[in-house]
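Enquirer: what follows is a predicted protein model with its sequence.
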Amino acid sequence: MKKIILTVAAVFALSFANAQDKKESSGSQTSKGKWLIEANTGFGTIASANTGLSYSSQGDLKKMSIGAEGGYFIMDNLAIKLGLGYNSSDDGTGNVGGFAYKIGAKYYIMGNIPVQVDYTGASGDVYKVGSETPSYLGLQAGYAVFLGENVSIEPGIRYNSTMNKDAAADSALQLCVGFALHF
């Protein structure tokens, strides 16, 4: 865990030290009419409904998720986003799976500080506890490092607040690294 925190801190430090022309590096990628496609990885507690990339193994229990999100900039620096992910869980007795979906908005403050608010829901046996499936209100913030005209890396922190009363849908705090394509 210490290595992960140090790695994320180093990425943030290098991101802030990177001398970029903001208009050239981030303005055009987040302009009205542009598209965004991204995949996120998470470290720490992973929410059970996930539209990112993750894998965890603890004893016989193995959990995996794969997904992506896409967005359209309805105005400069503001994108409306949709996401879809597949999640599976195998405890040694069989594999169960399900889909997670996300809808939200992402705003780039000063063109390179992304802040996101979203709703994540789920369907499928992998999520079900009784008759409920988990749903979350998510908040995410970070820093976008634009590597060129079409690519950015966005390390950040995310909090998923559960909207369920049952104990199976816990709130989760995690560090994440997003990889985005801008068109």
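Expert: Yep, it's here. Numbers count the residues shown, from 1 in each chain.

Enquirer: centre of the chain to stretch 89-96, how far?
Expert: 25 Å (Cα atoms, centre = their mean, to the nearest Å).

Enquirer: alpha carbons only: can I get it in PDB?
Expert: The C-alpha atoms that make up stretch 89-96 are tabulated as PDB, following Å, rounded to 0.1, in the frame of the first residue of the first chain:
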ATOM      1  CA  SER A  89     -16.800 -12.900  -9.000                       C
ATOM      2  CA  ASP A  90     -15.600 -16.500  -8.400                       C
ATOM      3  CA  ASP A  91     -15.400 -18.000  -4.900                       C
ATOM      4  CA  GLY A  92     -14.300 -21.400  -6.100                       C
ATOM      5  CA  THR A  93     -17.800 -22.800  -6.300                       C
ATOM      6  CA  GLY A  94     -18.800 -21.000  -9.500                       C
ATOM      7  CA  ASN A  95     -18.500 -17.800 -11.400                       C
ATOM      8  CA  VAL A  96     -21.300 -15.200 -11.400                       C
END
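
Enquirer: so which bits of that stretch are buried?
Expert: Taking 16 or more other Cβ atoms under 10 Å as the basis for neighbour counts, the residues of stretch 89-96 that come out buried are S89, D90. Backbone N, C-alpha and C define where each C-beta goes, glycine included.

Enquirer: got it, and stretch 145-163?
Expert: Buried residues in stretch 145-163, counted by 16+ other Cβ under 10 Å: V145, F146, S152, I153, E154, P155, G156, R158, N160, T162.

Enquirer: which of those residues sit farthest apart?
Expert: In terms of Cβ to Cβ, the buried residues of stretch 145-163 reach their longest pairwise distance at F146 and T162, which sit 33.5 Å apart.

Enquirer: where in the chain is pLDDT low?
Expert: 1-27, 44-48, 125-131, 166-169 (pLDDT under 70).

Enquirer: need the residue closest to the centroid of it.
Expert: Here the mean C-alpha position of the chain is nearest to the C-alpha of N40 (Cα atoms, centre = their mean), at a distance of 4.4 Å.

Enquirer: is that one bridged to anything, and to what?
Expert: Judged by DSSP bridges, the bridge partners of N40 are G178.
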